[in-house]
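Colleague: A predicted structure for the sequence below; I have some questions about it.
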Amino acid sequence: MGYVLDLRKTIGAQPLIVVGAAAWVLRDQQLLLVKRTDNALWGLPAGSKELTESLQTTAIRELQEETGLIGQQPKLLTVVSGSGMQYTYPNGDQIDSVTTVYQLTATGQQRADQDETSAAKFFALAELPTALTPITQRILKVLTAEKLI
């Protein structure tokens with residue numbers, strides 16, 4: 001997240017429109033989620049786009065950084081923005097997120113990076129944790145409304 005961190009040095013905690021990508025990884029009808037270290041909530045592996053990086057690459061990079069898994073065959077599921085995509089981080093930084101959600105196949109052994117994430121785990125879609133990030137909650141609502149899940 002170098003680009004956004006660099007912007008923060010100039011504008012502080014003011015709201016930023018942040019473009020990013022999330023990884024949607026299913027195995028045996030179970031969804032991969034990560035537990036964030038900054039707020040202790042579960043969410044999709046996701047993060048901000050870096051300069052010159054494609055959003056597909058962002059989804060693959062974030063998946064690997066946060067879970068150790070190697071993402072392949074990205075398929076765009078949806079783009080989520082607008083109402084419900086605003087978030088204030090525990091440090092006070094504010095964002096208005098535009099998030100692309102990519103379905104990925106993944107190989108390797110999942111593990112949390114212990115920096116941004118403390119756990120990486122697959123959950124049955126009908127038994128997702130209730131402590132989800134607000135942005136993940138919004139993405140799930142959109143995917144459900146669009147009948148993509």
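Modeller: Yep, it's here.

Colleague: for this protein, what spans make up the strands?
Modeller: Listed in chain order, the strands of the chain (DSSP state E) span 16-24, 26-27, 30-36, 42-43, 46-48, 70-80, 86-88, 94-107, 117-124.

Colleague: to Arg61, which of the ones you listed lies closest?
Modeller: strand 46-48 (7.5 Å; Cβ to Cβ). C-beta coordinates here come from the backbone N, C-alpha and C atoms, glycine included.

Colleague: that closest one pairs with which strands, parallel or anti?
Modeller: Here strand 46-48 has these sheet partners by DSSP bridges: strand 16-24 (antiparallel).

Colleague: who touches the strand it pairs with?
Modeller: 4, 7-8, 31-32, 44-49, 55-56, 58-60, 62-63, 71, 77, 93-104, 106, 136, 139, 143 (Cβ atoms under 8 Å, 6 or more residues apart in numbering).

Colleague: swap in stretch 51-69?
Modeller: 3, 19-23, 25, 32, 34, 45-50, 70-72, 74, 76, 100, 102, 104, 106-113, 116-117, 120.

Colleague: so how far is Thr88 from the residue in the chain sticking out farthest from the centre?
Modeller: Distance from the C-alpha centroid of the chain, by Cα atoms, centre = their mean, peaks at Thr10 (24.8 Å). To Thr88, Thr10 is 19 Å away according to Cβ to Cβ, to the nearest Å.

Colleague: and Gln137, by the same measure?
Modeller: Distance from Gln137 to Thr88, by Cβ to Cβ: 15 Å.

Colleague: ok, these two, which is more surrounded?
Modeller: Legend: neighbour count by other Cβ atoms under 10 Å for Gln137 and Thr88, higher for Gln137 (15 against 12).

Colleague: the more buried one: what's it in contact with?
Modeller: Gly84.

Colleague: quick one: residues in contact with the helix or strand of the chain with the lowest mean pLDDT.
Modeller: Across the helices and strands of the chain, mean confidence by mean pLDDT, DSSP states H and E is lowest for helix 2-11: a mean of 88. Helix 2-11 has contacts (Cβ under 8 Å, 6+ apart) with 16, 18, 48-51, 93.

Colleague: pipe the residues you listed into CSV and attach distance to Leu128 and neighbour count per row.
Modeller: Formatted as CSV, the contacts of helix 2-11 follow (distance: Cβ to Cβ, whole Å; neighbours: other Cβ atoms under 10 Å):
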residue, distance to Leu128, neighbour count
Leu16, 28, 16
Val18, 24, 21
Ser48, 24, 21
Lys49, 26, 23
Glu50, 29, 15
Leu51, 33, 7
Asp93, 26, 18
